[in-house]
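Participant: give the three-dimensional model of this entry:
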Amino acid sequence: MHELSVCQSILSQVETVAEVNSATTVSLIHLQIGPLSGVEVPLLKNAWTIARADTLASEAELEIEEMPITIRCSQCGQVSRAKVNRMICGQCGEWRTQLISGDEMLLRSIELEK
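Facilitator: Okay, the predicted model is just below:
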């Protein structure tokens with residue numbers, strides 16, 4: 001399961017931040033995930049339960065904000081939202097577009113307790 005290794009990577013980053021800030025526990029982890037990131041949100045939530053066991057984040061809530069796909073048209077320059085497998089300009093219908101966002105997975109914030 002790919003999402004389990006993603007959770008382990010997140011926990012590694014979180015534990016580093018907690019250690020630097022002398023925290024004893026982590027209560028909340030907020031992620032932003034785009035639909036083109038390659039991460040399945042339901043699978044990530046299931047893997048989270050397994051991955052967080054016996055860590056500083058064993059009781060932490062995983063809050064996930066799903067981000068939209070945003071593109072820029074190479075023809076008219078318009079920035080618009082798009083759908084997976086349909087990244088055409090919302091203004092002129094051009095198919096030659098540049099991805100601005102939607103493929104990211106960001107660790108947005110962490111709530112620590114001392």
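
Participant: any idea how far Met67 is from Gln13?
Facilitator: Using CB to CB, to the nearest Å, Met67 is found at 19 Å from Gln13. From N, CA and C alone the C-beta is placed, and that goes for glycine too.

Participant: of these two, give the one with the bigger neighbour count.
Facilitator: Per other CB atoms under 10 Å, whichever of Met67 and Gln13 has more neighbours is Met67, with 19 against 12.

Participant: residues contacting the residue nearest to the more buried one when sequence neighbours are not counted?
Facilitator: Distances taken as CB to CB, 6 or more residues apart in numbering put Gly34 closest to Met67, at 4.5 Å, once the chain neighbours are dropped. Contact partners of Gly34, counting by CB atoms under 8 Å, 6 or more residues apart in numbering, are 66-69, 101-105.

Participant: report the buried members of the residues you listed.
Facilitator: 67, 69, 101-102, 105 (16 or more other CB atoms under 10 Å).

Participant: ok, and what's touching stretch 71-81?
Facilitator: 68-70, 82, 87, 89-92, 94, 96-100.

Participant: if you set the cut-off to 6 Å instead, what comes out?
Facilitator: Stretch 71-81 is contacted from outside by 68, 70, 82, 87, 89-92, 94, 96-100, using CB atoms under 6 Å, 6 or more residues apart in numbering.

Participant: same question for stretch 2-12.
Facilitator: 39, 43-44, 47-48, 51, 55.

Participant: so which of those residues belong to helices?
Facilitator: Those of the contacts of stretch 2-12 mapping onto helices are 43-44, 47-48, 51, per DSSP state H.
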